[in-house]
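Student: How does the following fold in three dimensions:
(one chain, ligands or ions: 1)
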Amino acid sequence: MKIAVIGAGVIGVTTALELVSHGHEVVVYEKGSGIAQQASFAASGFMGPGLVNSWTAPGMFSRQFKNWFTGESGIRLNGLLEFPAAWVWQWLRACRDPEFSLKLSSLQRLAFYSQEVFKGVTEQYGLSYESSPGSLMLCRSEADLQKVDLQLSLLKDAGILYKTLSAADTRAIEPALSTETELWGAVCFPQDAVANCRQFTLLAKQEAEQLGVVFKTGHEVLPLSVSKPRLLHVADKESELFDHVVVCAGIHSKAIVHKLGIHLPVQAVHGYSLSAALREEMDAPLCGVVDAKHQVAIARSGQRIRVSGMCEIGPARQASEKNTGLLYKVLNDWFPGAAKTQDNVQVWRGARDVMSDGVPVLGLSGVPGVWLNTGHGNHGWACSSGSARAIADMVSGRDCEIDLKGLGIERF
Ligand SMILES: Cc1cc2nc3c(=O)[nH]c(=O)nc-3n(C[C@H](O)[C@H](O)[C@H](O)COP(=O)(O)OP(=O)(O)OC[C@H]3O[C@@H](n4cnc5c(N)ncnc54)[C@H](O)[C@@H]3O)c2cc1C
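Tutor: Next up, the predicted model:
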């Protein structure tokens, strides 16, 4: 079948690779001049089921509200006019149990499956990219651990490994952790990993191209129309008809399917990352770590250290460099000598496409021939390979290897 994929971030590229491996003729449309230039550009790189969380959790709102007053929240709202009231209302409802547990279990299942598919793809094509095994969630106090209690109990139910460590055991795993910062302990996720999302996406694109996928960069697809949803119109270019269309356009997916009567309750939540040259091996992290209190991640990516986190709603009010104080603080708290932060630091601001219930939308859109693989929020990299395989199976009329309950558009 002739299939169009809209968007060449990690989701679109992995989807194209799976579709061509399933024997289809695939064309990828990307409005930018290259691939992986939006949300997939400089993400933290955490993958695996341990650290996925659905953005919704019982008590989340009151915690963030309190943090706002103490100035410790990583969430920033740029103007009251930007307040996404309807989305927040739906989000609050999704924070209640059992809705929260069901959604988180779906996400963990997808991340677990993605990891298996990812390993298979890496081996099959012999891909080599920057990566490090394992991850740690650092707790400054016991209270940090209690906040994720429910999340951890669900991991246990899903058979996903994790271990709570004392401060001494944590320091044995990460000897460079600063002793100046109070450490209560950590949760260790041995099955997780950190890997370079953009690098992988570029490699996957090469493989897809060799198998015959055509990448059309500089091609912005106009919103799909009700009369002919599978006829793709591209600004200033010829239109083309496909048997199927898979929408993988990140935060822009909403506008692409809007005229079809599909309303995606998605919100752009921007985050930041800093990437700085490694200063001293001995002072750098060995695996990926996440500061549980500030939800800031630190990981090594080849000869660089990447620090990322924060949530910002609304347009940037000032230069990105002025918004990254929390990232520098957390880096200095844990690994003060690890990176050269004085010059040539790459500061990046990227948009996470966060659905109101915190989990992606996978599957048929409700309009024949139009499929959705979008709304991945903070876990698009972790869930990319499994989501791509599942979509390719569904489009090809095969049974999925994973239960996608709770991830379809019909839930809204
Ligand atoms: C600070 C930060 C840290 C993160 N850390 C992690 C992490 O540790 N682990 C993890 O799993 N995830 C992480 N994420 C999330 C992850 O980066 C995203 O979920 C993932 O990159 C989404 O990929 P995507 O392909 O859906 O979107 P994108 O990469 O944004 O790709 C969408 C593409 O569609 C194109 N497009 C849009 N509209 C059109 C159109 N009309 N026509 C043609 N093309 C179009 C865009 O140009 C873009 O290239 C992080 C995100 C941020 C911001």
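Student: I'd like the average pLDDT over stretch 238-249.
Tutor: If you average the pLDDT over stretch 238-249, you get 97.
Student: That stretch and the ligand in contact?
Tutor: Yes: counting by CB under 6 Å from any ligand atom, the ligand has neighbours in stretch 238-249: 248, 249. Every residue, glycine included, has its C-beta placed from N, CA and C.
Student: what about residue 366, which SS state?
Tutor: Under DSSP: H, G, I helix; E, B strand; the rest coil, residue 366 falls in the coil class.
Student: is it true that it touches residue 409?
Tutor: Yes: using CB atoms under 8 Å, residue 366 is in contact with residue 409, at 5.9 Å.
Student: Which one of the two is surrounded by more residues?
Tutor: Set residue 366 next to residue 409 and count neighbours by other CB atoms under 10 Å: residue 409 wins out with 20 against 14.
Student: May I see the buried residues of stretch 239-249?
Tutor: Across stretch 239-249, burial judged by 16 or more other CB atoms under 10 Å covers 240, 242, 244, 245, 246, 247, 248, 249.
Student: Out of the residues you listed, flag the one nearest to residue 234.
Tutor: Lowest distance from residue 234 to the buried residues of stretch 239-249 (CB to CB) belongs to residue 240, with 7.9 Å.
Student: Please name the residues that touch that closest one.
Tutor: Residue 240 makes contact with 4, 27, 231, 232, 234 under the criterion CB atoms under 8 Å, 6 or more residues apart in numbering.
Student: what about the nearest residue to residue 275 once chain neighbours are set aside, neighbour count?
Tutor: Distances taken as CB to CB, 6 or more residues apart in numbering put residue 346 closest to residue 275, at 4.3 Å, once the chain neighbours are dropped. Close neighbours of residue 346, defined as other CB under 10 Å, add up to 13.
Student: go on, residue 234?
Tutor: Applying other CB under 10 Å, we find 16 residues neighbouring residue 234.
Student: Quick check: the nearest residue to it once chain neighbours are set aside vs residue 38, distance?
Tutor: Leaving aside its chain neighbours, residue 234 sits nearest to residue 219 (4.8 Å; criterion: CB to CB, 6+ apart). Noted for residue 219: a distance of 15 Å to residue 38, by CB to CB, to the nearest Å.
Student: Likewise for residue 127?
Tutor: Distance from residue 127 to residue 38, by CB to CB: 22 Å.
Student: Looking at the two, which has the bigger crowd around it?
Tutor: A direct count of neighbours by other CB under 10 Å for residue 127 and residue 38 places residue 38 higher, at 20 against 16.
Student: quick one: pLDDT of the more buried one?
Tutor: Per-residue pLDDT puts residue 38 at 97.
Student: residues in contact with it?
Tutor: Applying CB under 8 Å, 6+ apart, we find residue 38 in contact with 9, 32, 250, 251, 350, 351.
Student: same check, this time on residue 109
Tutor: 158, 402, 403.
Student: Tell me if residue 353 really is in a helix.
Tutor: No: Residue 353: not assigned to a helix; according to three-state DSSP it is strand.
Student: Quick one: mean pLDDT for the longest helix that the chain contains?
Tutor: Ranked by residue count under DSSP state H, the longest helix found in the chain is helix 99-125. Averaged over helix 99-125, pLDDT sits at 93.
Student: That one and the ligand in contact?
Tutor: No: using CB under 6 Å from any ligand atom, helix 99-125 stays clear of the ligand, with a minimum separation of 8.1 Å.
Student: The closest residue to the ligand within the stretch 51-200 of the chain - how many residues pack around it?
Tutor: For the stretch 51-200 of the chain, the residue closest to the ligand is residue 197, as judged by CB to the nearest ligand atom, at 6.1 Å. By other CB under 10 Å, the residues close to residue 197 number 26.
Student: how about it, what does it touch?
Tutor: Listed by CB under 8 Å, 6+ apart, the contact set of residue 197 reads 10, 36, 40, 43, 45, 381.
Student: Swap in 10 Å and give it another go.
Tutor: By CB atoms under 10 Å, 6 or more residues apart in numbering, the contact set of residue 197 is 9-10, 36, 39-47, 129, 301, 380-382, 384.
Student: swap in residue 127?
Tutor: 118, 121, 195, 199, 200, 203, 204, 206, 207.
Student: And the pLDDT for the closest residue to the third one other than its chain neighbours?
Tutor: Think residue 195. Among residues not flanking residue 195 along the chain, residue 131 sits closest, at 3.7 Å (CB to CB, 6+ apart). Looking at residue 131, its pLDDT is 91.
Student: okay but residue 131 is in contact with residue 47, surely?
Tutor: Yes: look at residue 131 against residue 47 with CB atoms under 10 Å: they come within range, at 8.8 Å.
Student: Was I right to think residue 334 contacts residue 171?
Tutor: No: contact criterion CB under 10 Å: residue 334 and residue 171 do not qualify, at 11.1 Å.
Student: quick one: residue 291 from the ligand, how far?
Tutor: Relative to the ligand, residue 291 is positioned 14 Å away (CB to the nearest ligand atom, to the nearest Å).
Student: Can you name the residues that contact the closest residue in space to that residue that isn't next to it in sequence?
Tutor: Nearest non-adjacent residue to residue 291, counting by CB to CB, 6+ apart: residue 330, 5.0 Å away. By CB under 10 Å, 6+ apart, the contact set of residue 330 is 74, 138, 181, 289-291, 293-298, 307-309.
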